[in-house]
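Q: Sequence and predicted structure below; questions after.
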Amino acid sequence: MKVRTRFAPSPTGYLHIGGVRTALFNWLFARQHGGEFLLRIDDTDAERNVSAALQPILHGFEWLGIDWDEGPTKDGTSSTGPHAPYFQSQRGDKYRAAAEKLLASGHAYRDYADPAEIVKLREAAEKAKQNFVYPRDWAEHPSLPENAGRIAEAKAAGRQAVVRLFMPREGTLVIDDLIRGQVEFQWANESDHVIQRADGTCLYHLASVVDDYDMQISHVIRAEEHLSNTPRQIFIAQSLGYELPRYAHLPYVAEPGSKTKLSKRKLPKYLLNKDFAAVNDHGKKIGLAIKDAEKRIDQAIVQILEDIPNEFLDEPDCISLLKEIVVKAQFAALDKSKSVFTTEFTLQMTRQILEILDNENYARSYIKSIKNASKIYDLIDETFNPVIVDFYEQVGYLPHAIVNYLLLLGWSFDDKTEYFTQEEMIKGFSLERVNKAPASFDPKKLMSFQEHYFAELPAKKKTPRMIDYLKRAGLLPEKTECSTGPEVTKIIEAAGDRLKVYGDILNFSEFFVSDEALPVNAEELTKTFAKPGARDLLAAFRHELAKIEAFEVGPLETALKAFVDARGVKVGELIHPLRLALCGKTVGMGLYDTLAILGKERCLARIDLMLSKQTA
RNA sequence: GGCCCCAUCGUCUAGCGGUUAGGACACUGGCCUUUCACGCCGGUAACACGAGUUCGAUUCUCGUUGGGGUCACCA
């Protein structure tokens, strides 16, 4: 039998890191067996613009190199493949036909029960700590002629029926899972599930089983949360006379440092997670620079705080109360609008407020001061969150680093192999070696893969993407000259390992701004020039520098060393003021590289600028 | 709560009856160094607990505890 696997995303507008792993394992398995991997769109409940919401997902897969043989076209507007369409919203007829078939064979029934009644019964069962057995009092089924009377009445009253599965009430089902092994279920514990709504539309389980069969899926590799759903799906498949696919249930991906499943609903919360925060801050810095959003400040905080009366700030409990308000506001905003925009908005505000509130005294004065402020709060991007794949593309990760990391999240080849080429992954993958326990996502380890692969990439290959970032941050004009490429490459080479992602080039903005516009770190400035003689030393070296003909790393180093030796000072005494004058900060690449790249003219100009500021 | 799943360093994992319990990330001490980063050398750190089976259990069985999933006219 030909191996055919599938991944079935719903068009949510973004690609979740856990989903990617599931898709990756499906893809790997198919590729390894020379089979096919398909994408099927779970949009049975979609009212929104599917192709727009699908586009980021398809783009994410494309970026990661996970290609699909059948499914939606790349623009997400139509289907391509022998089993088209691959959108569940367009396959309703097939599901309805299957439902009819189940009805005809007695494997399903029309149910005229009142939904409100069912809810009550279910709650009662839970209260009584008992398994809820679905009552078939309103079931229209040949084996239950006693219901005929009341059903006739219900029909006459115009009550609508749903279609429910007529599940077995005895026996054991053993699922032979490729990852879990044999898992047993008692049929009696399975409830009569609804497969078709009163309005005739069909539900996920029916759709999924029908599609898997129709599309000849051989292996259903999916997240563990579906394990409990498998019995009813098997019942549907068997009742329809389908041959069963093999099942493999993957452990879910958990939050960093936790065993809790990563979930879309908690997206904003993740930025408060300390393991995500570092990675996110790094990314945010890049994101902010890209959008040239120095101005974006805490409008959200202002909004909340403006409503707070001043007297409130004198209350002893005001800080803890504010903390509560913030958390509530976050979730209220979440409920009100499902848009990520809102969640991003509130989470930014939450973080900032919580940071401020850590210091009570500061908080009081800050709140008071900001109450009068009015600033613009801009958003980076609605998908700017380290749980979403797009984040990594925006910040400038290598897709292979992500794929390699995800491969090892719940799977291992042996006790030491960590780095895999795509071919090695495909060759070495096996479901048998998939772990059963959930694995928590560690952004730091992902970063280590990124560093590894990024270091392997020659500077010249990084140049075009880095130029893109510089353009987007406004550090290079939209139309750059041909000579810019080699110049940027030189900077990339000199920066070396300091560049971990493409976006990191923005940390070296000093090479792209005018001498006058160079931002200078105020704190470092005060500290450095507070030292006696710092300014004079810099001034003296400026004259030395002016004499140098060959402005290159070697001669520069010789000259600087000779200068400090002659003066009997330590290298560091000169270097700090010099670096500050040239770069406006005290961290960065080698100083001789900096001098050489900047060139004599700009170096002298920047030193003069610094000296002129320090004379007073 | 019913049902199901899971359990090795902080994290990802190796281990499939006898190992000084191995590797990676993170953390950390040192070296290198004008800063930062890299690199190099070193260190801390784990078998959830309790019974069995066995000459011997991290490994097999059962139980306890803990974690998680799932129980929709969502997917």
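A: Nice, thanks for sending it over. Quantities reported herein were computed from a predicted structural model and do not represent experimental measurements.

Q: what about the lengthiest helix in chain A, distance to the chain center?
A: When chain A is parsed with DSSP state H, its longest helix is helix A:591-614. Averaging C-alpha positions (C-alpha atoms, centre = their mean, to the nearest Å) puts helix A:591-614 41 Å from its chain's average.

Q: Is residue A:154 located within a helix, as I assumed?
A: Yes: looking at residue A:154 with DSSP: H, G, I helix; E, B strand; the rest coil, it is inside a helix.

Q: The closest residue to it other than its chain neighbours: neighbour count?
A: Sequence neighbours aside, residue A:112 is the residue nearest to residue A:154 in space, at 4.3 Å (criterion: C-beta to C-beta, 6 or more residues apart in numbering). C-beta here means a position set from N, CA and C on the backbone, and glycine is covered the same way. When neighbours are defined as other C-beta atoms under 10 Å, residue A:112 has 22 of them.

Q: The residue nearest the centre of chain A and residue A:506, how far apart?
A: Per C-alpha atoms, centre = their mean, the C-alpha nearest to the average position across chain A is that of residue A:388, at 1.3 Å. According to C-beta to C-beta, to the nearest Å, residue A:388 stands 21 Å off from residue A:506.

Q: Any figure for the gap between the closest residue to residue A:531 other than its chain neighbours and RNA strand B?
A: Leaving out its chain neighbours, the residue that sits closest to residue A:531 by C-beta to C-beta, 6+ apart is residue A:573, at 7.5 Å. Residue A:573 is 9 Å from RNA strand B, where distance means C-beta to the nearest atom of the strand, to the nearest Å.

Q: Please confirm that residue A:563 is located within a helix.
A: Yes: applying three-state DSSP, one finds residue A:563 inside a helix.

Q: how about it, what does it touch?
A: Residue A:563 is in contact with A:540-541, A:544, A:574, counting by C-beta atoms under 8 Å, 6 or more residues apart in numbering.

Q: Save the residues you listed as JSON lines, and put in distance to residue A:157, neighbour count and pLDDT too.
A: Putting the contacts of residue A:563 into JSON lines (distance: C-beta to C-beta, whole Å; neighbours: other C-beta atoms under 10 Å; pLDDT from 0 to 100) gives the following:
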{"residue": "A:540", "distance to residue A:157": "100", "neighbour count": "15", "pLDDT": "95"}
{"residue": "A:541", "distance to residue A:157": "96", "neighbour count": "21", "pLDDT": "96"}
{"residue": "A:544", "distance to residue A:157": "100", "neighbour count": "14", "pLDDT": "93"}
{"residue": "A:574", "distance to residue A:157": "94", "neighbour count": "21", "pLDDT": "94"}
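
Q: Mind putting those into a markdown table with secondary structure?
A: Shown next, in a markdown table, are the contacts of residue A:563 (three-state DSSP):
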| residue | secondary structure |
| --- | --- |
| A:540 | helix |
| A:541 | helix |
| A:544 | helix |
| A:574 | helix |
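
Q: sorry, back to before: which pLDDT does the model give the residue nearest to residue A:154?
A: At residue A:112, the pLDDT value in this model is 95.

Q: Equivalent analysis for residue A:116, please.
A: 88.

Q: residues in contact with the longest helix of chain A?
A: With C-beta under 8 Å, 6+ apart, helix A:591-614 has contacts from A:487, A:490-491, A:494, A:511, A:515-516, A:518, A:529, A:535, A:538-539, A:541-542, A:545-546, A:548, A:551-553, A:556-557, A:560, A:575, A:577-583, A:588.

Q: make it 7 Å
A: A:490-491, A:494, A:511, A:515, A:518, A:529, A:535, A:538-539, A:542, A:545-546, A:551-553, A:556-557, A:575, A:578-579, A:581-583, A:588 (C-beta atoms under 7 Å, 6 or more residues apart in numbering).

Q: Same question for stretch A:190-205.
A: Taking C-beta under 7 Å, 6+ apart as the rule, stretch A:190-205 contacts A:44, A:92, A:95-96, A:99, A:108, A:132, A:134, A:160-167, A:206, A:229, A:231-233, A:236.

Q: remind me which residues of chain A are low pLDDT?
A: A:45-49, A:265, A:268, A:271, A:288-383, A:615-616 (pLDDT under 70).

Q: again, only using 50
A: A:292-301, A:330-346, A:370-381, A:616 (pLDDT under 50).

Q: May I ask which helix or strand encompasses the residue of the stretch 251-400 of chain A found nearest RNA strand B?
A: Minimum separation of the stretch 251-400 of chain A from RNA strand B (C-beta to the nearest atom of the strand) falls at residue A:259, amounting to 3.0 Å. Assigned by DSSP states H and E, residue A:259 falls within no helix or strand.

Q: quick one on the thing from earlier: okay but the residue nearest to residue A:531 is in contact with residue A:537, surely?
A: Yes: in this structure, residue A:573 is within contact of residue A:537 by C-beta atoms under 7 Å, at 6.3 Å.

Q: burial of the residue of the stretch 251-400 of chain A closest to RNA strand B, as a residue count?
A: 11.

Q: show me the contacts for it.
A: A:438, A:440.

Q: near RNA strand B, which residues of the stretch 1-150 of chain A show up?
A: A:8, A:10, A:42-45, A:88, A:115, A:118, A:122, A:126, A:129-132 (C-beta under 7 Å from any atom of the strand).

Q: List only buried entries from these.
A: Buried members of these, scored by 16 or more other C-beta atoms under 10 Å, are A:8, A:10, A:42-44, A:88, A:118.

Q: Okay, and which of the contacts of stretch A:190-205 map to helices?
A: A:92, A:95-96, A:99, A:206, A:231-233, A:236.

Q: In these, find the pair that's most separated.
A: Among the ones in helices among the contacts of stretch A:190-205, the pair separated by the greatest distance (C-beta to C-beta) is A:92 and A:231, at 24.7 Å.

Q: Those two: who's more crowded?
A: Just comparing residue A:92 and residue A:231: by other C-beta under 10 Å the higher neighbour count belongs to residue A:231, 20 against 14.

Q: Tell me what the nearest residue to the more buried one once chain neighbours are set aside is bridged to.
A: In space, and not counting its chain neighbours, residue A:231 is closest to residue A:185: 4.7 Å by C-beta to C-beta, 6+ apart. The partner list for residue A:185 in beta bridges (DSSP bridges) reads residue A:173.

Q: Any idea how many residues pack against residue A:185?
A: 18.

Q: Kindly indicate whether the closest residue to residue A:407 other than its chain neighbours is helix, strand or coil.
A: Distances taken as C-beta to C-beta, 6+ apart put residue A:425 closest to residue A:407, at 5.7 Å, once the chain neighbours are dropped. Classification of residue A:425 by three-state DSSP places it in helix.

Q: In this structure residue A:425 contacts residue A:408, no?
A: No: between residue A:425 and residue A:408 there is no contact under C-beta under 7 Å: 10.1 Å.

Q: the more surrounded of those two?
A: residue A:425 (20 against 17).

Q: For RNA strand B, see how far away the more buried one is.
A: For residue A:425 relative to RNA strand B (C-beta to the nearest atom of the strand), the value is 15 Å.

Q: what's the spacing between that residue and residue A:456?
A: From residue A:425 to residue A:456 the distance is 17 Å (C-beta to C-beta).

Q: swap in residue A:266?
A: Residue A:266 is 35 Å from residue A:456, by C-beta to C-beta.

Q: out of these two, which sits in the busier spot?
A: residue A:266 (16 against 11).

Q: which residues does the residue nearest to the centre of chain A form a beta bridge with?
A: residue A:16.

Q: which residues sit in contact with it?
A: So residue A:388 contacts A:14-16 (C-beta under 7 Å, 6+ apart).
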